[in-house]
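Q: Output the structure for:
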Amino acid sequence: MSSVFIAFCFIKTVSGNSKFLNGTAVYCVSDNEDEFRELNYKGFTRNNETLIVNFERNSIVLMIGRYVYHQNAEYLSFIQTVPLSSPQTDSDCVPEDLPYIFPLLIYSAPAVTNSYKSNDAVERQSFMLSKKLYNPVTGQKGIESDVIVSYTNANGRYDLLKESLKKSVISAIGRLKINTNSKIPHIISSEIDWSYAASELSSSIQPSPGKGKSKELNNQLDIIENQYISQTSNKKRKFNLFSSSSKAFSSKPSSDKPSATDLKDLANQIRSKDSELQKPSNESSDKN
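A: Next comes the predicted model:
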């Protein structure tokens, strides 16, 4: 699964039947302000092994699901839901009751060719991941999904990452950040894993930024994102997919091949030898 979203959400609308439920919800995007983003969700509940627990409008739910960002809208197909409040037992909640906790996004994909950038001005490195996704909420297939991953290379922990981008599948885990009218989601990475075609998984962990640095960090992300927007609009992207070379082998000429054995001739040879072996024994019996 290549795109997994985890966040506390406030339920704005909910509808459905015994087979599925859908609606809209909002989640908090700031660590110190009441700033929210809305997403469209859908969950299939007819499976007996489902991890989706029903919930009601005006409740707070921990949502885990497959995430798609498309045309400035967010979609979530549920993997699991954990209701934390209910209007039946608690007073109605409001979006401001959500905890100031950033949404988490786990994203795995190949890196876009030549997308690595070292932004010395903001002391952050970045690259772009891209793949095509299916949106279970709308049923749309082949959605082009791009994500910018930015990180700090404290103590040289990511020194090997730049070269690994060319031949690896990257998994980035961290805070999801989407600016207003943003075309590309951004992961402020707390951990990056990369796997080669025939080697073990490599990883590194870095601490998340503390409170009070959100505005400074947002400015840094704007600088990084603008570079990719201009890059994608100017030229077609190429991807670092695992490639394999093949060689054509010419077949040997027919003269080099061993000739097939003629079974009929072989049988006649065996019979003639048997008859020769039997002649002496017959002659000796005549003499007796």
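Q: Please, where are all the strands along this structure?
A: Assigned by DSSP state E, the chain shows strands spanning 3-16, 20-28, 36-44, 60-70, 73-83, 104-110, 117-119, 124-135, 140-151, 169-177, 186-195, 202-205.
Q: need the helix or strand of this structure with the lowest average pLDDT.
A: Here the helix or strand of the chain ranked lowest by mean pLDDT, DSSP states H and E is strand 202-205, holding a mean of 48.
Q: sorry, back to before: wait, which of the strands of the chain is closest to residue 93?
A: Distance to residue 93, taken as CB to CB, is lowest for strand 60-70 among those, at 5.4 Å. Every C-beta, even on glycine, is put in place using the N, C-alpha and C of the backbone.
Q: Show me what the closest one is packed up against.
A: On a contact count with 3 or more CB pairs under 8 Å, 6 or more residues apart in numbering; DSSP states H and E, strand 60-70 meets strand 3-16, strand 20-28, strand 36-44, strand 73-83, strand 124-135, strand 140-151.
Q: would you list these in CSV and tack on mean pLDDT and mean neighbour count?
A: Listed next are these as CSV, based on pLDDT from 0 to 100; neighbours: other CB atoms under 10 Å:
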stretch, mean pLDDT, mean neighbour count
strand 3-16, 96, 19
strand 20-28, 96, 19
strand 36-44, 95, 19
strand 73-83, 96, 19
strand 124-135, 95, 20
strand 140-151, 95, 18
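Q: With distance to residue 194 as extra columns, can I get those strands in a markdown table?
A: Formatted as a markdown table, these follow (distance: least, CB to CB, whole Å):
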| stretch | distance to residue 194 |
| --- | --- |
| strand 3-16 | 17 |
| strand 20-28 | 28 |
| strand 36-44 | 28 |
| strand 73-83 | 24 |
| strand 124-135 | 11 |
| strand 140-151 | 11 |
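Q: Could I get the contacting residues of residue 124?
A: Residues near residue 124 by CB atoms under 8 Å, 6 or more residues apart in numbering: 150, 151, 152, 220, 224.
Q: Not counting sequence-adjacent ones, nearest residue to it?
A: Nearest residue to residue 124 in three dimensions, chain neighbours excluded: residue 150, at 4.9 Å (CB to CB, 6 or more residues apart in numbering).
Q: any idea how far that neighbour lies from residue 180?
A: Per CB to CB, to the nearest Å, residue 150 is found 18 Å from residue 180.
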